[in-house]
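Student: quick one: sequence plus predicted model below, questions after.
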Amino acid sequence: MTGPFSPHIPVAATLTAKRDLTSDTALFTLSAGRDAAGFLSTFVPGQFVQLSVPGGGEIPISPAEPPSAGMIRLCVRRVGHVTGLLHRLPAGSPLGIRGPFGRGFPVDEMAGHPVLLLAGGLGIAPLRSLISHLMAYREKFGEITLMYGAREPSVMLFRDELVELAGRGLIRLYLTVDFAPEDQVGGYSCARGLLPDLLEGFRFDAANSYAAVCGPPPLYRCLTADLEQAGVHPSRVLLSLERRMRCGIGRCCHCAIGQKLCCTDGPVFRLSELKDIPEAL
Ligand SMILES: Cc1cc2nc3c(=O)[nH]c(=O)nc-3n(C[C@H](O)[C@H](O)[C@H](O)COP(=O)(O)OP(=O)(O)OC[C@H]3O[C@@H](n4cnc5c(N)ncnc54)[C@H](O)[C@@H]3O)c2cc1C
Ligand code: FES
């Protein structure tokens, strides 16, 4: 941690904008002020912040893009108490932020390699900050492929911007939905099927690639087996895991995964680190 900020005390932030993406998911823009800019700029894609909603509590959220000038964007699905309160707040409401915390994606190590991104559902939100980083330093990375699966076209998040990146030749994009007829947008076909179906038979430089996976838990077991079988080394299979959190800084053990803590050892883990922890995936 740098600067005058304490990892224990939330920095005051203001909700400046909310953009609804689907009926239950929105992109929230928070301003934490210029004083927090240096602190937030230490963010590495894949890390999380503890967002406090007055009268509700604190929840861990992975920023959907790297914070800039004290401004932070969070893509949050309404699933329960705190997220429900957040979704009802008007612009101008006070919020709090602790962090960024945890271990993000090893972006320096990934430089020079092809990157395969696999996102299921809301998993695209944390991966979006990694995509932003990859785009900002595009020349440093090899081929970038994004496979993104959603339940149906109407809940596919950030589709237009992803299609735009693909249209500019910056990423290879494969979209799939569980349900819906074949659906065409911007020249990009949206297949029908599950995310592992996209990976099946996909030809890529597996031995040299990094794979970053983020999505609902059932997806991990299936995709990790497929990635290993394709030849991606387990130390290069990067998984963003979610556990319920309290302190966010390795003190309470609330987020334990075997001997590891999701908040400090993760939330991004290498598959090779999780091999002996059956409950991890
Ligand atoms: C590192 C990390 C990054 C995350 N990033 C995002 C993000 O970018 N966007 C987003 O919308 N959500 C994200 N989450 C999940 C988010 O923290 C939970 O949805 C939130 O804590 C739910 O709070 P609540 O009070 O609204 O729900 P509650 O009322 O506490 O619970 C409602 C439901 O949500 C489930 N739930 C609660 N907390 C979690 C959790 N931590 N992980 C999984 N399920 C949970 C409960 O089991 C229950 O089914 C992330 C979680 C972690 C650990
Ligand atoms: S949330 Fe307290 S140790 Fe991880």
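Tutor: Structure received. Residues are numbered from 1 along each chain as shown. Ligands and ions are numbered 1, 2, ... in the order given.
Student: from here on, just use CA atoms for contacts and neighbour counts.
Tutor: OK.
Student: ligand 2 contacts on the stretch 101-250 of the chain?
Tutor: Contact residues (C-alpha under 6 Å from any ligand atom) of the stretch 101-250 of the chain with ligand 2: 245-250.
Student: repeat that with 5 Å
Tutor: For the stretch 101-250 of the chain, the residues in contact with ligand 2 (C-alpha under 5 Å from any ligand atom) are 245-248, 250.
Student: quick one, strands of the stretch 151-281 of the chain?
Tutor: 172-177, 183-185, 188-192, 210-214, 237-240, 256-257, 260-261, 268-270 (DSSP state E, counting those that start in this stretch).
Student: what's the local residue count around the residue nearest to residue 77 when sequence neighbours are not counted?
Tutor: Nearest non-adjacent residue to residue 77, counting by C-alpha to C-alpha, 6 or more residues apart in numbering: residue 25, 4.2 Å away. Neighbours of residue 25 under the rule other C-alpha atoms under 10 Å: 19.
Student: surely residue 25 touches residue 83?
Tutor: No - judged on C-alpha atoms under 8 Å, residue 25 makes no contact with residue 83 at a distance of 9.7 Å.
Student: name the residues contacting each of the two.
Tutor: 76-77 (C-alpha atoms under 8 Å, 6 or more residues apart in numbering).
Student: follow-up on the earlier one: make CSV from the residues of the stretch 101-250 of the chain next to ligand 2 and add distance to ligand 1 to it.
Tutor: Converted to CSV, those look like this (distance: C-alpha to the nearest ligand atom, whole Å):
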residue, distance to ligand 1
245, 6
246, 9
247, 11
248, 9
250, 13
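Student: top of those by neighbour count?
Tutor: In these, the most neighbours by other C-alpha under 10 Å go to residue 248, 28 neighbours.
Student: hang on, the earlier thing: just the residues of the stretch 101-250 of the chain next to ligand 2 now: which is nearest residue 8?
Tutor: Residue 8 has its nearest neighbour among these in residue 247, at 7.9 Å by C-alpha to C-alpha.
Student: OK, contacts around the closest one?
Tutor: Per C-alpha under 8 Å, 6+ apart, neighbours of residue 247: residue 8.
Student: give me phi/psi at it?
Tutor: Dihedral pair for residue 247: phi -70, psi -40, per degrees, to the nearest 10.
Student: tell me which residue lies nearest the centroid of this structure.
Tutor: residue 126 (1.2 Å; C-alpha atoms, centre = their mean).
Student: mind listing what's buried in whichever strand or helix holds that residue?
Tutor: Element membership of residue 126, judged by DSSP states H and E, is helix 124-136. By neighbour count with 16 or more other C-alpha atoms under 10 Å, helix 124-136 contains the buried residues 124-131, 133-135.
Student: which ones among the residues you listed also lie next to ligand 1?
Tutor: Among those, none lies close to ligand 1 by the criterion of C-alpha under 5 Å from any ligand atom.
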